[in-house]
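Visitor: just a sequence and a predicted model for now, questions to come.
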Amino acid sequence: MAPDSLSLDRILNEITTTNNLGALNHTLKNGLPKESRETILSSGLASGQDPLAILDLRQNTLGVLYILSARLNAANTPVDPNLVATFCQTFLPDQARHAPERVTLLARGIVRLATQHNNLSWAVGPLYNLLARYPPDLSYLTTIHPIFLQTCLTAHQPTAALPVLRIPIAHVSTALSDLTYNDNLVYHYLGGVVLALLKKWAEAEEYFEICVTAPGAVPAALQLEALKKLRLIQLISRGEVLSLPKYAHAALSRIFKNSIYTDLINAYPQNTERLHLLLDKEKQTFSTDRNLGLVTQVIDRAPRWTLKKLTATYVTLGLGDIARAVGIQSEEDVRALILSMIETGDISAQISASGTVTFSDPPPQFTRGEVDAVLHGAQAQSEVLEMLEMEMARSKEFIGKAVKNQDSAWAPTTEEDMYGMSGAWGGDESMFG
Amino acid sequence: MDVDIPEDNGQSSTHYIRRPQLVLVDDLHPFDLDGYISNYTGRTAVDRLIHIISTCPALAPEAFQLAVQSIHQSRDPSLYQQVMSAYDQVSGLADPPLPSALDLASLDTRWADETMAKNQAERSKLEVELKTYSNNMIKESIRMGHRDLGDFYRSVGEYPTALKHYTKSREFCTTSQHVLEMCLSVLELLVEQRNYSHLPTYVFKADAALDAASTAAVNAKEGDAAAPTAVPLLTKRKAISEDRERVQSKLDFATALSSLASGNYQKAAYSFLKLGPAKDFGDWMGKLIAPGDIAIYGVLCALATLPRSALKTQILENSTFGVYIEQEPYVRELVEAYLSSNFKTVLELLNRYSTRHALDIYLAHHVVELTNLIRNWAVVLYFQPFASIKLDRMSGAFGWTVEEVEEQVVALIQSGSIHGRVDSQNKILYAKQTDYRAELFARAIKAGRDIQSTNRKVLLRMRLQQAELTIKAPKGYNASIADLLQGD
């Protein structure tokens, strides 16, 4: 025990004195014997003092990060939750980025701590702070992302995840965070689940789609689950399914084709009888897939889509005819359905006193602001693309490849140039003439 | 008993998928059996009669007698069994019951025995011959041996064996003329057998052989050209191109039939309409098909799929096809009524001759589909010039009730053929009015948004690939994913 605590004293000394963060990280990471490192870091000082009490949570971020993450993950080392929360609020991101794997450990530790105290909701706050402060901005994917989302979900606080989900992931850097492909899959899958829970269908669709189309040599099981949910959400929000992007793994669609979900899609929305039959028969499967809720919503919305199709065919229709076409027994229910659809803006129609529904379809209106916003968006996008292209043209890989294929590529390029030149000169010929 | 046959077919097709529908023959749906069958000779006559027996109880006894007569002229007594079983089946369904088959006509057993014996003898003879040829390894003789055996088996109705011999003969073909001959025999066999799926393969092979043969012939003549006279060269070349056209017509016919069978009516229409004159078909005419059939197939397929301008140029101004149309005057009426937008007449004619169509062995399966297509086209064409029209006016023009019209129109709107909407209360059909400017805006904005979100997704995907965060070989569910799956 003695040499160990001695080591922590020594380490503490180093933490407080050194200015070279890289070297300190190296010492902390590799300077200690592998098997006892975590024990050492989580132990107390020789004097019986708490090392965390001595260290400044802000200035000594890296050291505190190591000790805290070790403690949180070791058995029988009590940690003060308030201390963790304060650390998450105050730590210096620059220092923490020296040890991404410890940040991951810390995030897991926070969840662990909260589970020990049977108060998972507590973890949401510190995790959010950690997540918001650690990366340069929220568009960088980190290992904390999936952990945070899972915590939000299990703590029944899906709304807490919205500020994070609002910013789509655009940057991936393995230097910033020790990511695996699973982090990306899990984050987007869970993001989809959270958004679906909040009935934000369009966003949920996008998250699931990212999960489904993640690059890979083989499809992951999670992708199939995401695909199932994606299809259900499309049925809820659009009444039909869209085809997957070309770059999605072909095997996924193939596996999906053999599932009961395909039956569901085929019968949707006209064949109400078949839908209910399917639900009764496959309730067990849907419920093991954890999709029963979604499936029920899908089926509940079937009449809306049938009705929407009618609006494209008819100008006027009696309530009774609609009831028959949609498969609802009472006219009153149909009236309620139409009213709710008019309210949500799904259709535009008028119901006359005699029970005749007149459909109209007003041309879509756009305000100047909307159009401007779209144009600005497009401009920004093209700037981004241009920048990316230049970046790529400068990149080592690209130049390496370009040089390799150069032998054949050179000749035509120069020729083109020459033609271009001669064209340019051609215009000037009159000058000489 | 005046039932609209196509409708009837459509409704009950779910119950009887395999069995051909029973059709009526009465004053409204006339059909002249003698006139019809006299166009055909040989095996196809019997095949067609069998089809008539099994689809039309009213004509079954007469057709049965004719079939038995024709069988006596063939070499295949086993056909009698087929005719009998078809007759038995239909007589079970008919009401009132049909006269017993044995009362009508019976097979001359002595003839049957003799034919069997003769067949047996010929077979042994041909097989022995083939064996001798094989032993002597004379290629040409072996080919002819196989060909003769193929012909023989075909005449006694053993199609698979016939096909086997024909295809075997290919190995011994030395010139492309021989290959062509083989392909044509196979095609004839396949058409007779109504086995359409292999037709295109052999048409393709025959085409290649035909090209090779004509080049070879031209080359040969180039060699002859050394001879001083130029006149025979010209005549020869002409003879060859005629030869080519003749074969080409047969090939086109086979293509057309296979397109028809696979439901590709437009392609079938074009193939039928470009067929050469009837004499090109040689013995196929009558043995496989009658000129009237070609007129009917071509016109029905064309009406169902081709635009009006094409109908005019391809049918009315096509003198070769005009000759075929002469065979079936009502077909010309049909086209003319269609072109003058007299759709009521078109539908009436189609209905009137539906029996004729349903009793044709090649057309039977497609009558309903073709009639529907023609009717849909007609409705679409009729509505085209209107911005709005009362449904009862349409019902007058088509000879339907208002409900029928509404049903048709709604189906067409839903399938996207008519851009319009129905006022179901006042029974008016309105053409859809589109505000193109607003639609353009909507579309542009939607496209912009879609592209942005797609870009974002693709870029993320690229970043993931750059960071090498791609999915590797599956390690199965690990614990954390399994937990997460419970999470929703």
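Guide: Yep, it's here. It should be emphasised that the depicted structure is a prediction, and the values quoted were computed from it without experimental measurement. Numbering: from 1, shown residues only, chains lettered A, B, ... in the order given.
Visitor: any low-confidence regions in the stretch 101-250 of chain B?
Guide: Applying pLDDT under 70 to the stretch 101-250 of chain B flags residues B:101-103, B:105, B:217-218, B:220-242.
Visitor: if you set the cut-off to 80 instead, what comes out?
Guide: Where the stretch 101-250 of chain B drops to pLDDT under 80, the residues are B:101-109, B:137-138, B:157, B:174, B:193-194, B:212-246.
Visitor: list the residues that contact residue A:264.
Guide: Residue A:264 sits next to A:235, A:275, A:278, A:295, A:298 when contact means C-beta atoms under 8 Å, 6 or more residues apart in numbering or on different chains. The way it works is simple: take the backbone N, C-alpha and C, and place the C-beta from them, glycine included.
Visitor: now it: how far from residue A:213?
Guide: Applying C-beta to C-beta, to the nearest Å, the value for residue A:264 to residue A:213 is 22 Å.
Visitor: nearest to chain B, of the contacts of residue A:264?
Guide: Using C-beta to the nearest C-beta, residue A:295 is the member of these that lies nearest chain B, at 12.2 Å.
Visitor: nearest residue to the closest one other than its sequence neighbours?
Guide: residue A:286 (4.8 Å; C-beta to C-beta, 6 or more residues apart in numbering or on different chains).
Visitor: which part of the stretch 1-150 of chain A gets nearest to chain B, residue-wise?
Guide: Counting by C-beta to the nearest C-beta, the stretch 1-150 of chain A gets nearest to chain B through residue A:150 (6.3 Å).
Visitor: re the thing from before, can you redo the contacts of residue A:264 as CSV with secondary structure, neighbour count and pLDDT?
Guide: CSV is the format used below for these (DSSP: H, G, I helix; E, B strand; the rest coil; neighbours: other C-beta atoms under 10 Å in any protein chain shown; pLDDT from 0 to 100):
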residue, secondary structure, neighbour count, pLDDT
A:235, helix, 24, 89
A:275, helix, 20, 82
A:278, helix, 21, 83
A:295, helix, 25, 87
A:298, helix, 25, 86
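Visitor: ok, now which ones touch the residue in the stretch 201-350 of chain A that chain B sits nearest to?
Guide: Here the stretch 201-350 of chain A gets closest to chain B at one residue, residue A:216, 2.6 Å apart by C-beta to the nearest C-beta. Applying C-beta under 8 Å, 6+ apart to residue A:216 gives the contacts A:181, A:249, B:470-472.
Visitor: which phi and psi values does it adopt?
Guide: phi 180, psi 160 (degrees, to the nearest 10).
Visitor: residues near whichever residue of chain B sits closest to chain A, how many?
Guide: Per C-beta to the nearest C-beta, residue B:471 is where chain B lies closest to chain A, at 2.6 Å. Counted with other C-beta atoms under 10 Å in any protein chain shown, the neighbours of residue B:471 add up to 21.
Visitor: which residues sit against stretch B:141-155?
Guide: B:43, B:74-76, B:119, B:122-123, B:126-127, B:129-130, B:133-134, B:159, B:161-163, B:165-166, B:168-169, B:172-174, B:178, B:181-182, B:185, B:189, B:192.
Visitor: so residue B:350 sits against residue B:334, correct?
Guide: Yes: if you go by C-beta atoms under 8 Å, residue B:350 and residue B:334 touch, sitting 7.3 Å apart.
Visitor: before we move on, the earlier item: and the residue nearest to residue A:295, what element?
Guide: Assessed by DSSP states H and E, residue A:286 sits inside helix A:272-288.
Visitor: name the residues that touch whichever strand or helix holds residue A:111?
Guide: Residue A:111 is part of helix A:100-116 when elements are defined by DSSP H and E. For helix A:100-116, the surrounding residues in contact (C-beta under 8 Å, 6+ apart) are A:65-66, A:68-73, A:79, A:81, A:84, A:88, A:96, A:120-123, A:126-127, A:130, A:134, A:142-144, A:147-148, A:150-151, A:175-178.
Visitor: now, those that are in helices?
Guide: A:65-66, A:68-73, A:81, A:84, A:88, A:96, A:120-123, A:126-127, A:130, A:144, A:147-148, A:150-151 (DSSP state H).
Visitor: what parts of the stretch 301-450 of chain B come near chain A?
Guide: Taking C-beta under 8 Å from any C-beta of the partner chain as the contact definition, the stretch 301-450 of chain B meets chain A at B:410, B:413-414, B:421-426, B:428, B:430, B:435, B:438-439, B:441-442, B:445, B:448-449.
Visitor: alright, that wraps it up for me.
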